[in-house]
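**Q** could you work out the structure for the sequence below:
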Amino acid sequence: MSEEKEYRSGFVSIVGRPNVGKSTLMNRIIGEKIAITSPKPQTTRGMIKTVYHDDRGQIIFLDTPGIHKAKNKLGEQMMRSAAEAIGDADLVLWLVEPKETIGRGEQHIAEQLSGSSGVRVVLVINKVDRIRKDELLLVIDAYKELMDFAEIVPLSARTGENVSELIDVMFELLPEGPMYYDEETLTDEPVREIAAEIIREKALMLLSDEIPHGIAVVVDTMKKRGTRELYDIEATIVCEKNSHKGIVIGKNAQMLKQIGMKARPDIEKLIDCPVNLKLWVKVRKDWRDSEIQLKNLIHTSQTR
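**A** Residues are numbered from 1 along each chain as shown. This is a model prediction of the structure:
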């Protein structure tokens, strides 16, 4: 009689500096677009929870904001979210770029991880498709001087190289545990929140550098139109200055139209239904430094 396989499960936090590929890695593992991605830093603002299933067990990922020095109340909230994710994790994936020189940002993260209560850390060296093997070995040696790691996994979140090996490592390190979510669940994020983040992603792609971090997106209404297979969605892009509002709208509303055109297909794929998307723009001065407005504009998930 064959022995029953152990079912392993747990919470895995993905941490790292802004723009190292945390959301790209999570989306690659899950196989669906849950977290938004952008070459601009501080794309992820809250703690996004997604679930990976296979016959070995279940991994619940917490994709955290990039760890950086906070410059406003939004930044402070983001850093609290990242710290909570580390404290509540069964395992931490620390994502870094393949650079032999370790900067202050990485040293700060190492200090945070070393100070957490004995949580095991897997060093994930991303973007290895961009360097030679001999260079990779130097990167590994440099990081080994910082702290002890449960494992070190080089990979490319963009191409998928070695991602399956990382999944194997996580199941080896996670404890036996229950099924936290049913097998159909990919995320506990509300659909409205994901739709809002998709719109913000497209704005990040299209707008100039000084504006994106000063915008937020709220889905005001999301309704099925009668008996038709069509959803009417209205969303508001919030910015901090009147001058930014003009840029977000663009000449003859062309920028706003582009944001909507790029967001609509991803939202339709998300809800598997045609979408009629309408976007509006409002100014809320200095919303990133207002506790009240942050509560209304920024969604943060609880870990457990």
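**Q** which parts of the helix or strand containing residue 141 are buried?
**A** Assigned by DSSP states H and E, residue 141 falls within helix 133-144. Residues of helix 133-144 classed as buried: 139, 143 (neighbour count, 16 or more other C-beta atoms under 10 Å). (Glycine included, C-beta is placed from N, CA and C.)
**Q** name the helices or strands packed onto it?
**A** strand 120-125, strand 151-154 (3 or more C-beta pairs under 8 Å, 6 or more residues apart in numbering; DSSP states H and E).
**Q** give me the contacts around that helix.
**A** 96, 98-102, 123, 125, 128, 131, 149, 152, 154 (C-beta atoms under 8 Å, 6 or more residues apart in numbering).
**Q** flag the least confident of the residues you listed.
**A** Among these, residue 100 has the lowest pLDDT, at 85.
**Q** how far away is the closest residue to it other than its chain neighbours from residue 171?
**A** Distances taken as C-beta to C-beta, 6 or more residues apart in numbering put residue 138 closest to residue 100, at 4.8 Å, once the chain neighbours are dropped. In this view, residue 138 and residue 171 are 29 Å apart by C-beta to C-beta, to the nearest Å.
**Q** ok, now residue 140?
**A** For residue 140, the distance to residue 171 - C-beta to C-beta - is 22 Å.
**Q** same thing with residue 91?
**A** Counting by C-beta to C-beta - residue 91 and residue 171 are separated by 10 Å.
**Q** now swap in residue 14 and tell me
**A** Taking C-beta to C-beta, one finds residue 14 at 16 Å from residue 171.
**Q** for those two, indicate the residue with more neighbours.
**A** Neighbour count, other C-beta atoms under 10 Å: between residue 14 and residue 171, residue 14 has more, with 26 against 17.
**Q** in terms of helices and strands, where is that one?
**A** Per DSSP H and E: strand 8-16 holds residue 14.
**Q** following element in sequence after that strand, please.
**A** Taking DSSP H and E, what comes next after strand 8-16 is helix 22-30.
**Q** by contact count, what packs against that next one?
**A** strand 8-16, strand 48-54, strand 57-63, strand 91-96, helix 163-173.
**Q** residue 275: neighbour count?
**A** Neighbours of residue 275 using other C-beta under 10 Å come to 20.
**Q** residue 248 now?
**A** Counted with other C-beta under 10 Å, residue 248 comes out at 24.
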